[in-house]
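**Q** Generate a structure from the sequence data that follows.
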Amino acid sequence: MNDAPSYSSSRRLGRLRVIIGGACAVALATAGTIAILSSPAHAQTVTQNSEGTHSGYFYSFWKDSGNASMTMGNGGQYSTQWSSINNFVAGKGWNPGTRRTVSYSGSFNPSGNAYLTLYGWTRNPLIEYYIVDSWGTYRPPGGQGFMGTVTSDGGTYDIYRTQRVNAPSIDGIRTFYQYWSVRQQKRVGGTINAGNHFDAWAGRGMNLGNHYYQIMATEGFQSSGNSNITIGGTTPPTSQPPGGGCSVSVSRADEWSDRFNVNFSVSGTNNWVVTIRTNGSQSLQNSWNASISGTSGTLTARPNGNGNNFGITLYKNGNNTTPSASCAVG
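**A** The predicted structure follows:
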């Protein structure tokens, strides 16, 4: 995120995020060093760029320079502290994202420019999106690209569409849109029905693609502050995803130095085709409970008579990022 419309930044491919005009920044970075705390149980402090899973949730942490840390507790709890930071973003959530309703609570105390936002990416089309509930001294995205309003979860959000041209993204240097819903009145705590915002965007021709990750994020730009956020239980989509009659969830499982397991669970149909998008030079080592086509890049999974839950083992080959997946009726 940022305070000044003139800000520009570049980030490493694979976890890239750029700030738009006078707006924000995000997250995807290569795995970094983490420090493990001895108490409370399961706590983990992250100070270097990384993403992964903790206590049942996906997490992401990114910073470019300055002092920032995220300490993750049990379940969906995390806290952040930052000072003399140029830009950072961190949070817990899910991979992949979807039309879920997210409940959250906690505290958000920025001194300067910062956001509290449900944040994510999609591919095909490549879209970066924000549902912003609170902010510091700068309200994103600075009035650019106003598209109307949507009322959801007890408040009204202003909708914006902005564009980045030849800018870093999760897929390298690309031109892509950013979609925004920004609450007219700040709040910290409540529910965010992501599907309501997705539908409002689609009604204005702002269509999403195949979901990558989705986190309840704290982001700071040239500021200091702290937050303590807990995401609670979520409810699944109230309708089937547009264009199909099935959905697929992705969860990281066992991991070794050179490979890791990923589990997939399909709902909505027993006749499905799941498209799995691996990252970098990852390659398939093993699979179970499905017929898998392909060994790297994009894999295709179909039922083989063993139900709707299946899994794969991927060799990392230098990339530890969890793959994304989408589902269609076969």
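**Q** What residues are bridge-paired with E128?
**A** W121, Q178 (DSSP bridges).
**Q** That one contacts W180, correct?
**A** No. E128 is not in contact with W180 according to C-beta atoms under 8 Å; the separation is 9.5 Å. Placement of C-beta: from N, CA and C, glycine included.
**Q** quick one, which of those two is more surrounded?
**A** Taking other C-beta atoms under 10 Å, E128 and W180 do not tie; W180 has more neighbours (28 against 24).
**Q** Helix, strand or coil: sort out the more buried one for me.
**A** strand (DSSP: H, G, I helix; E, B strand; the rest coil).
**Q** Identify the bridge partners of the nearest residue to it once chain neighbours are set aside.
**A** Distance criterion C-beta to C-beta, 6 or more residues apart in numbering; nearest residue to W180, sequence neighbours excluded, is Y160 at 4.1 Å. Going by DSSP bridges, Y160 is paired in beta bridges with F146, W180.
**Q** Quick check: Y160 vs N309, distance?
**A** According to C-beta to C-beta, to the nearest Å, Y160 stands 39 Å off from N309.
**Q** So for these two, which sits in the more crowded spot?
**A** Y160 (24 against 13).
**Q** Touching, the more buried one and R139? I think so.
**A** No. Counting by C-beta under 8 Å, Y160 stays clear of R139, with 10.6 Å between them.
**Q** one step back: list the residues that contact the residue nearest to W180.
**A** Neighbouring residues of Y160 by C-beta atoms under 8 Å, 6 or more residues apart in numbering: 140-141, 144-147, 179-180, 182.
**Q** Please list only the buried members of these.
**A** 140-141, 144-145, 147, 179-180, 182 (16 or more other C-beta atoms under 10 Å).
**Q** Can you tell me which of those is closest to V274?
**A** Minimum distance to V274 across these is 25.5 Å, recorded for Y179 (C-beta to C-beta).
**Q** Would you mind measuring from the residue nearest to that closest one when sequence neighbours are not counted to G209?
**A** Using C-beta to C-beta, 6+ apart and skipping residues adjacent in sequence, the residue nearest Y179 is Y129, 4.3 Å away. Counting by C-beta to C-beta, the gap from Y129 to G209 is 11 Å.
**Q** one step back: of the contacts of Y160, closest to T322?
**A** Y179 (23.1 Å).
**Q** Low-confidence ranges, the stretch 101-250 of the chain, go.
**A** 168, 233-245 (pLDDT under 70).
**Q** For it, which segments count as helices?
**A** 194-202 (DSSP state H, counting those that start in this stretch).
**Q** could you pull out the strands for it?
**A** Counting by DSSP state E, counting those that start in this stretch, the stretch 101-250 of the chain has strands at residues 101-123, 127-135, 146-152, 155-169, 172-183, 190-193, 210-235, 247-255.
**Q** I'd like those strands written out as JSON lines, with distance to R204 added.
**A** As requested, those are exported to JSON lines (distance: least, C-beta to C-beta, whole Å):
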{"stretch": "strand 101-123", "distance to R204": "16"}
{"stretch": "strand 127-135", "distance to R204": "13"}
{"stretch": "strand 146-152", "distance to R204": "5"}
{"stretch": "strand 155-169", "distance to R204": "7"}
{"stretch": "strand 172-183", "distance to R204": "9"}
{"stretch": "strand 190-193", "distance to R204": "17"}
{"stretch": "strand 210-235", "distance to R204": "19"}
{"stretch": "strand 247-255", "distance to R204": "24"}
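**Q** The contacts of Y160: which two are farthest apart?
**A** P140 and M147 (13.9 Å).
**Q** picking that back up, please name whichever of the strands of the stretch 101-250 of the chain is nearest to N270.
**A** Smallest distance to N270 across the strands of the stretch 101-250 of the chain (C-beta to C-beta): 13.1 Å, for strand 247-255.
**Q** angle of the helix or strand following that closest one against strand 247-255?
**A** Per DSSP states H and E, the first helix or strand lying C-terminal to strand 247-255 is strand 259-267. Here strand 259-267 points in a direction 160 degrees away from that of strand 247-255 (axes from the mean of the first three to the mean of the last three C-alpha atoms, to 10 degrees).
**Q** pLDDT of strand 259-267, averaged?
**A** In this model, strand 259-267 carries a mean pLDDT of 90.
**Q** partners of that strand, with directions?
**A** Short version: by DSSP bridges, strand 259-267 pairs with strand 247-255 (antiparallel), strand 309-315 (antiparallel).
**Q** quick one, what contacts the closest residue to N124 other than its chain neighbours?
**A** Using C-beta to C-beta, 6+ apart and skipping the chain neighbours, the partner closest in space to N124 is G209 (4.2 Å). By C-beta under 8 Å, 6+ apart, the contact list for G209 reads 122-127.
**Q** okay, among these, which ones form the most distant pair?
**A** N124 and I127 (9.4 Å).
**Q** Give me the more crowded residue out of those two.
**A** A side-by-side neighbour count of N124 and I127, using other C-beta under 10 Å, places I127 first with 22 against 12.
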